[in-house]
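J.: Next come a sequence and a model predicted from it.
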Amino acid sequence: DAGITQSPRHKVTETGTPVTLRCHQTENHRYMYWYRQDPGHGLRLIHYSYGVKDTDKGEVSDGYSVSRSKTEDFLLTLESATSSQTSVYFCAISELQLAGGDNEQFFGPGTRLTVL
Amino acid sequence: QKEVEQNSGPLSVPEGAIASLNCTYSDRGSQSFFWYRQYSGKSPELIMFIYSNGDKEDGRFTAQLNKASQYVSLLIRDSQPSDSATYLCAVNILGGFKTIFGAGTRLFVKA
């Protein structure tokens, strides 16, 4: 298995509080991603990173921020958690192959977040 | 229109049958296509990827790609109860920086 860990694995928090989720990899992969998964929506990209300090928004980035100060760590912050952010969050890593390569993503175990 | 569409299912097939999972995508510039399997409560794992028109076989799995029709499929031969999972179709866009996932098809293989 790819060396990806997420912490915490489960969290219950209250509306309005800040929350930070951590993704840690030991594969030295350049690309890291944060997704949320909700019933009926599949995986939706929140933010991604293509290098240290290089990040960009995905399709559902509102209310989330990210930081990547080291290759191995990618943090996702919910600045003021809302009930609509209750979800399962997955981190993924990849090493993009250029010229139509496969860009396989390896996923972490997920974090189940409940916002009351 | 969603960028990657799948029938949510559930798709139910008897053990030993062929399961056929389908996916359509909207971005004609898409170059790479993936099938991930996700067991309940677990993270997705890659089964196959394909980027050329036609068929690609790997054991009991065959991925089929038709770029003209913007259609990708996954066939599972000799389906086993252990194949029961949600299958996610995914498409790389924007030169590979982003991957868009479909909502997934739930497959049940009845023993």
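T.: Yep, it's here. Not measured: the values here are computed from a predicted model.
J.: which of the residues in the biggest strand by length in chain A are buried?
T.: Identified as the longest strand of chain A according to DSSP state E is strand A:42-51. Across strand A:42-51, burial judged by 16 or more other Cβ atoms under 10 Å in any protein chain shown covers A:Gly42, A:Leu43, A:Arg44, A:Leu45, A:Ile46, A:His47, A:Tyr48, A:Ser49. From N, CA and C alone the C-beta is placed, and that goes for glycine too.
J.: For the closest residue to A:Asn28 other than its chain neighbours, what are phi and psi?
T.: Computed as Cβ to Cβ, 6 or more residues apart in numbering or on different chains, the closest residue to A:Asn28 that is not its neighbour in sequence is A:Thr71, at 6.2 Å. Main-chain torsions, A:Thr71, degrees, to the nearest 10: phi -50, psi -40.
J.: Pull up the per-residue confidence for A:Thr71.
T.: On pLDDT, A:Thr71 comes in at 94.
J.: Quick check, it in contact with A:Thr26.
T.: No - between A:Thr71 and A:Thr26 there is no contact under Cβ atoms under 8 Å: 10.1 Å.
J.: who has more neighbours, these two?
T.: Neighbours per residue (other Cβ atoms under 10 Å in any protein chain shown) separate A:Thr71 from A:Thr26, with A:Thr71 holding more: 15 against 11.
J.: in which helix or strand would I find the spatially most central residue of chain A?
T.: The structure's chain A has its C-alpha centroid closest to A:Trp34; by Cα atoms, centre = their mean the separation is 2.2 Å. A:Trp34 belongs to strand A:31-38 when assigned by DSSP states H and E.
J.: which residues touch the residue nearest to A:Asn28?
T.: A:Gln25, A:Asn28, A:Arg30, A:Val52 (Cβ atoms under 8 Å, 6 or more residues apart in numbering or on different chains).
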